[in-house]
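A.B. asks: Everything below, folded, please.
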Amino acid sequence: MQLKSHLCRNKTPNMADVFGMALMDYQKGRYTEDIKTYSSLDEEDVIPVPYLFRTFDEMPKIEQKALQLARGKVLDIGAGAGSHALYLQKKGLDATALDNSEGCIKVCRERGIESSILSDILAYSGEKYDTLLLLMNGIGLAGKLNNLSQFLQHLASLLRPNGQILMDSSDIVYMFDQDEDGGYWIPNDGTYYGEVTFEMEYKGHKSAPFDWVYVDFNTLQNACESNGLDCELVTSGEHYDYLAKLTLKE
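C.D. replies: Residues are numbered from 1 along each chain as shown. Purely as a prediction, here's the structure:
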């Protein structure tokens, strides 16, 4: 699995214009190139813009499972082109697309999503929901591992009683060199190995560097335990990725 496959929907403010421009171009029939990505762990890569407009049948099984588990009033966080919210809306659910990119929200509306919010998730506190969706490594919005507790607490504040948070992430330990005994050579620099710095570029427009974090399941489970949340492993993917369901402790 390449990092790009878990970086497609959730954006930080300094990269929102990159996504917005790319999605608007595709929506308007002006698609000529993809989004380039540069990371502290990986070489140059691309996010294919058409992939952001995929149908349910084109989604990975982890995303399909999350959408099947979604219920009630749903907030799709980092909605991007709105593919998840649109699917849920067509199923009859009350789904809202949230994104901090004006271009992304315009695309969501043009695709027919009835409820959308232009906001950063950490600045949003308007409603409470039965399901929060953070797919394609939405937990990356926390940026750094030491921000994870505050991030989880904010998400919990948006839940209705008996609500759920469905999020996926990856254990990127596989990106490090492995020795003969099966151990991994991870730099001992005091930082969590899942912390990555990214930049993105589209048609000559480049984002400022931004922090992103991939969280292995055990680390997520421990963070949830410390913040009043139960954390259940729903399913694992084929590339060190997993889907987790978080609920408020009774």
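
A.B. asks: And for L88, the neighbour number?
C.D. replies: The tally of other residues near L88 (other C-beta atoms under 10 Å) stands at 24. From N, CA and C alone the C-beta is placed, and that goes for glycine too.

A.B. asks: Oops, could you answer that again for N146 instead?
C.D. replies: Counted with other C-beta under 10 Å, N146 comes out at 12.

A.B. asks: Kindly report the same for K144.
C.D. replies: By the criterion of other C-beta under 10 Å, K144 has 14 neighbours.

A.B. asks: what residues does the longest helix seen in the chain touch?
C.D. replies: For the chain, the helix with the greatest residue count under DSSP state H is helix 16-27. Identification of contacts with helix 16-27 by C-beta atoms under 8 Å, 6 or more residues apart in numbering yields 11, 31-32, 34-35, 49-50, 52-53, 80-81, 99-104, 106-107, 110-111, 200-203, 205-207.

A.B. asks: Could you rerun that using 6 Å?
C.D. replies: 11, 31, 35, 49, 81, 100-104, 107, 110, 200, 202, 205, 207 (C-beta atoms under 6 Å, 6 or more residues apart in numbering).

A.B. asks: Identify the farthest-apart pair in those residues.
C.D. replies: Farthest-apart pair in the contacts of helix 16-27 is E110 and S207; separation 23.5 Å (C-beta to C-beta).

A.B. asks: burial measure for Q153, as a count.
C.D. replies: 12.

A.B. asks: any idea which element it lies in?
C.D. replies: Element membership for Q153, per DSSP states H and E: helix 148-157.

A.B. asks: for that helix, which positions count as buried?
C.D. replies: Within helix 148-157, the residues that count as buried by 16 or more other C-beta atoms under 10 Å are L148, F151, L152, L155, A156.

A.B. asks: which residues touch the last one?
C.D. replies: Counting by C-beta under 6 Å, 6+ apart, A156 touches no other residue.

A.B. asks: Quick check on the closest residue in space to E114 that isn't next to it in sequence: phi, psi?
C.D. replies: The shortest distance from E114 to any non-neighbouring residue, by C-beta to C-beta, 6 or more residues apart in numbering, is to Q89 (6.5 Å). Phi and psi for Q89, reported as degrees, to the nearest 10, are phi -60, psi -40.
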